[in-house]
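Participant: This is a predicted model, with the sequence first.
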Amino acid sequence: MVFQEKELLFRILGVYKIVRKNVKIMTDKKASSVISYRCRGSATFHTSDHSFTLGAGDLLFIPANLSYTQETAGEELIAVHLDILSRIETNVDVCTFENPQLAEKIFTELYELWQAKETGYHYRCMSLLYDFLCRINQQNRALEAPSAPERKIQRSLTYLHSHYDDNTLSIGKIAAVSGVSEVYFRRLFKQIYQTTPVKYINELRITKSLSLLKIGYYSVAQISSMVGFNDPKYFCSSFKALTGKSPTAYQKQEEPYIC
């Protein structure tokens, strides 16, 4: 996605202010890519594989050579036409900037600088747009960062994923890695992942068992032990509850890998 790219190279071809009322437009493979910011109004776009609606405050990236239609009852936007120089996969991308007043101010300044065409205007416009894309990148990274509760048990989750096959693994042992009590860990885990730690571990173990069953070399009892279950019967009942089939039935339906 363009708004998540860390190293996007481009040159600006033009900056335009557009006001439309009650119109439907068909665009056939425009030669340039476009980043637009909607100051007011809304528009609906249709490409060959999906449709989406944008409102005031939304950013839109449309790659070059894309055919699409758009319709609006009224909108005002600023569009920056670009030549993308990076060798990246460019698809339609939509983003909402957390500070719409600042976004409109930046795009308005971009437009005014481009229209005035004073000495160095192209460098100033490039600088403004790169700075804005940097802000979006920082915003996206902040949204992806783990929450405070997740950070508290992050070491425990890492430990769980690297020791799921240990049949002596216990919730108390996992909680201790993050320095929290077992009761507090269970409550925090359920709050974050909407499931219990035991159910999460069982599902992880069963997911890991699928590839071992496909190999067709190990017995069900061996695989049960390899993924951390102490009791093959418990493994079989947990497997069927999750997949709807017994391990043996699953193994029979899969073509064994040939090594």
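Facilitator: Everything's here; your move.

Participant: Can you pull out the residues in contact with stretch 241-256?
Facilitator: 202-203, 206, 209-210, 213-217, 220, 223-224, 235-236, 239-240 (Cβ atoms under 8 Å, 6 or more residues apart in numbering). All C-beta spots, glycine's among them, are computed from the backbone N, C-alpha and C.

Participant: can you tell me which of these are in helices?
Facilitator: Mapping these onto helices (DSSP state H) picks out 202-203, 206, 209-210, 213-215, 220, 223-224, 235-236, 239-240.

Participant: got the domain boundaries for the protein?
Facilitator: 2-144, 149-253 (automatic domain parsing).

Participant: and those as TSV, adding mean neighbour count and mean pLDDT?
Facilitator: Listed next are the domains of the chain as TSV, based on neighbours: other Cβ atoms under 10 Å; pLDDT from 0 to 100:
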stretch	mean neighbour count	mean pLDDT
domain 2-144	15	89
domain 149-253	16	89
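
Participant: Now Arg11: which helix or strand?
Facilitator: For Arg11, the element it lies in under DSSP states H and E is strand 10-20.

Participant: quick one: the helices in the protein?
Facilitator: Using DSSP H, helices in the chain cover 100-116, 121-144, 148-152, 154-163, 171-177, 182-193, 197-215, 220-226, 232-243, 247-253.

Participant: can you tell which of the ones you listed is closest to Glu76?
Facilitator: helix 100-116 (10.0 Å; Cβ to Cβ).

Participant: the inter-axis angle of that closest one versus strand 10-20?
Facilitator: Between helix 100-116 and strand 10-20, the angle comes out at 100 degrees (axes from the mean of the first three to the mean of the last three Cα atoms, to 10 degrees).

Participant: Helix 100-116 packs against which elements?
Facilitator: strand 10-20, strand 33-46, strand 68-84, helix 121-144 (3 or more Cβ pairs under 8 Å, 6 or more residues apart in numbering; DSSP states H and E).

Participant: isn't Pro149 right next to Leu188, touching?
Facilitator: Yes: counting by Cβ atoms under 8 Å, Pro149 does reach Leu188; the two are 5.4 Å apart.

Participant: Please tabulate the helices and strands packed on helix 100-116 in CSV, including the columns distance to Val2.
Facilitator: What follows is those, written out as CSV (distance: least, Cβ to Cβ, whole Å):
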stretch, distance to Val2
strand 10-20, 9
strand 33-46, 8
strand 68-84, 8
helix 121-144, 8
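
Participant: hmm, back to that, quick one: which of the ones in helices among the contacts of stretch 241-256 is nearest to Lys24?
Facilitator: Glu203 (48.6 Å).

Participant: residue contacts, that closest one?
Facilitator: Thr195, Leu242.

Participant: right, so of the helices of the chain, which gets closest to Asp93?
Facilitator: Among these, the nearest to Asp93 by Cβ to Cβ is helix 121-144 (10.2 Å).

Participant: Now tell me what touches the closest one from outside.
Facilitator: Residues outside helix 121-144 that contact it (Cβ under 8 Å, 6+ apart) are 3-6, 8, 11-12, 15, 35, 59, 80, 95, 97-98, 103, 106-107, 109-110, 113-114.

Participant: returning to what we had before: which of the helices of the chain sits closest to Val19?
Facilitator: helix 100-116 (12.4 Å).

Participant: Contacts for the closest one, please.
Facilitator: Here helix 100-116 makes contact (Cβ under 8 Å, 6+ apart) with 12, 14-17, 37, 39, 56-57, 59, 78, 80, 97, 121, 124-125, 128-129, 131-132.

Participant: which residue sits closest to Leu213, ignoring its sequence neighbours?
Facilitator: Once flanking residues are discounted, Leu213 sits nearest to Gln251: 4.6 Å by Cβ to Cβ, 6 or more residues apart in numbering.
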